[in-house]
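> Let me see the structure of the following:
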Amino acid sequence: MMRLAGFQLFIYVSKCLCCDCFDDMAPIVEALTDPVWLGEGPHWDDREQALYFVSIFDHTINKYVPSTTKHTKAKLDGMPTFIIPAEGRPQHFVVGLNRLVVEIQWDGGMNTAKVVRTVAEVDQDSPKNRFNDAKADPKGRLFAGTMGHEYEPGKFELKKGSLYRIDPDGSVHKLDSNIDISNGLCFDLKEKAFYYADSFEFAIRKYDYDVNTGNISNPKKVFAYKDHGLSGIVDGMTIDTDGNLWVANFDGSQVLKIDPRSGKLLQKVKFPAPQVTSATFGGSDLDILYVTTAAMNRGEEQKPPCGATFSVAGLGVSGHPNTNVRLN
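Model (predicted):
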């Protein structure tokens with residue numbers, strides 16, 4: 001480990017899991033931000049060249065600008081679980097706030113955000129539920145999932161969550177139910193696939209995906225942790241232009257590169273933080289993997305850099321631009 005300009009730089013030797021060899025170029029893992037309690041939902045804004053993410057238990061939305069290393073945040077009244085820019089509306093964002101999808105206005109500064117309106121409400125029959133993860137599909141529709149009441153960090157009511165699609169007109173469509181923790185959410189137009197994880201299945205599902213209607217169908221498991229001797233749970237994920245998934249392995253101190261078509265585990269990228277929560281590609285060439293982590297004390301203190309947001313360079317792949325949410 002080396003220190004660079006006040007941040008921590010971690011260089012790991014990355015083993016190729018397709019054969020018994022090591023990559024010539026080891027990924028470079030760098031801690032970028034101060035730790036937060038539960039970092040989640042990273043979204044790269046290609047227009048601003050900035051990374052947005054949330055800290056759920058800190059009740060904050062966050063912005064990090066790599067070119068300036070500036071990290072700003074604003075506090076909201078409730079638990080923000082994702083933040084995605086609203087298409088065509090500068091300084092406006094769609095945020096999951098408890099069970100609500102809200103539109104907020106934020107100039108990216110410290111403590112300047114305000115809720116403009118409520119776009120949608122879900123899980124009215126389970127008022128203590130909350131959103132957990134979300135992505136905009138290629139058409140700008142919001143796919144967002146919920147989870148049961150979390151009565152203390154890491155402990156919650158099971159099988160209470162659902163998966164929803166919120167269309168630009170604000171209409172809400174339930175796509176699946178009986179969910180423990182909604183996570184992941186990736187789209188592959190070439191494969192006509194939607195990838196999704198209910199974390200306590202310890203597996204990744206593939207649904208058939210119709211980009212024209214936004215409908216999903218025919219779920220099947222394409223990767224199971226037990227088949228690869230993995231511990232921890234499936235958390236957030238992203239997809240690269242080769243169609244491979246990069247999956248946060250919460251309680252596993254790593255991100256996994258997975259081929260969902262063959263079910264093969266291709267690579268492990270290690271982190272100096274066990275609670276790895278989510279990932280997205282960013283940077284000017286979309287070849288930097290940004291990874292959020294948590295620092296939840298569940299019987300053991302999680303010391304820095306746990307809870308930081310990290311960058312990973314040198315992976316040799318790139319991702320797709322993140323899609324913004326369309327609102328009428």
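> What about Pro272, how many residues nearby?
Other residues lying near Pro272 total 18 when counted by other Cβ atoms under 10 Å. For glycine as for every other residue, the C-beta is placed from the backbone atoms N, C-alpha and C.
> for it, phi and psi?
Pro272 adopts backbone torsions of phi -80, psi 40, taken as degrees, to the nearest 10.
> Can you tell me how far it is from His71?
For Pro272, the distance to His71 (Cβ to Cβ, to the nearest Å) stands at 19 Å.
> can you check Asn183 too?
24 Å.
> of those two, who's got more company?
Each of Asn183 and His71 has its neighbours counted (other Cβ under 10 Å); Asn183 has more, 28 against 16.
> ok, the more buried one touching Gly145?
Yes. Between Asn183 and Gly145 there is a contact under Cβ atoms under 8 Å: 7.3 Å.
> what is in contact with those two at once?
Asn132, Asp133, Tyr196 (Cβ atoms under 8 Å, 6 or more residues apart in numbering).
> Which of the helices or strands spans the last one?
Tyr196 belongs to strand 193-198 when assigned by DSSP states H and E.
> low pLDDT regions in this structure?
The model of the chain has pLDDT under 70 over residues 1-25.
> List the residues that contact Lys75.
Per Cβ under 8 Å, 6+ apart, neighbours of Lys75: Asp58, His59, Thr60, Asn111, Ala113.
> Thr241 is in contact with His320, correct?
Yes. Assessed by Cβ under 8 Å, His320 is found in contact with Thr241 at 6.4 Å.
> When the two are compared, which one has more neighbours?
Neighbours were counted for His320 and for Thr241 using other Cβ under 10 Å; His320 has more, 17 against 13.
> what's the spacing between that one and Phe281?
Distance, His320 to Phe281, by Cβ to Cβ: 7 Å.
> Over to Asp46?
Taking Cβ to Cβ as the measure, Asp46 and Phe281 are separated by 10 Å.
> Surely Met110 and Lys63 touch.
No. The criterion here is Cβ under 8 Å, and Met110 misses it with Lys63 at 9.9 Å.
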